[in-house]
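> This is the structure alone, sequence omitted:
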């Protein structure tokens, strides 16, 4: 007699593993450029794209910050968190890079905590979404006034880093990141609308 046994999942542990599927820490950071490109392509299709998609990385011993001009609202964050490993991008008609649906958790390759400050439109308030390594819940808040974004976009703070990104020629040093990002995104940069600054 056949018997079916339900498969149970430790969500926190599974998310930790998903966040470390990248070959190296730089690949985990590349995920954010891919997301920015995907949002820019979507905005181009809708006729609302910025002239340039500027992705800015700020690297220090304590944290890595990533900023780009396309934010998500609370509903989009909740949808992304409800569809881990099942990206909504697969169903879009626009050709896009990201398809795995795990980008929000890529920070776990680099640090233990990630805070997303996001503003979808000029009239929206800035929301604050916090993810922690191994946690099975995301924390949603309104951003404090001093953290609020002036214009639409997203600012991502990765903290509690697992290695020092300022080490010369280390896997997250600005020199190494520039080389890897240029190799991966050269076509988009040559088109003139993607600009990556480290």
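That came in fine, so what should we check first? Keep in mind the model is a prediction, meaning the values are calculated, not measured.

> secondary structure class for the most centrally placed residue in the chain?
Centroid-nearest residue in the chain: residue 32, 4.1 Å away (criterion: CA atoms, centre = their mean). With DSSP: H, G, I helix; E, B strand; the rest coil as the basis, residue 32 sits in helix.

> Next, count neighbours for the nearest residue to it once chain neighbours are set aside.
Leaving aside its chain neighbours, residue 32 sits nearest to residue 66 (4.7 Å; criterion: CB to CB, 6 or more residues apart in numbering). (Each C-beta comes from the backbone N, C-alpha and C, glycine too.) Counted with other CB atoms under 10 Å, residues neighbouring residue 66 total 23.

> partners of residue 66 in the sheet?
residue 57, residue 156 (DSSP bridges).

> quick one: it from residue 196, how far?
Applying CB to CB, to the nearest Å, the value for residue 66 to residue 196 is 10 Å.

> Need the residues touching each of the two.
Common neighbours of residue 66 and residue 196, counting by CB atoms under 8 Å, 6 or more residues apart in numbering, are 55-57.

> Only whichever of these are buried, select them in ChimeraX.
In ChimeraX syntax, the buried subset of the shared contacts of residue 66 and residue 196 is picked out as below (16 or more other CB atoms under 10 Å):
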select :55,57
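
> ok, now which ones touch the closest residue to residue 140 other than its chain neighbours?
Among residues not flanking residue 140 along the chain, residue 129 sits closest, at 5.7 Å (CB to CB, 6+ apart). The contact partners of residue 129, taken as CB under 8 Å, 6+ apart, are 77, 115-116, 118, 138-141.
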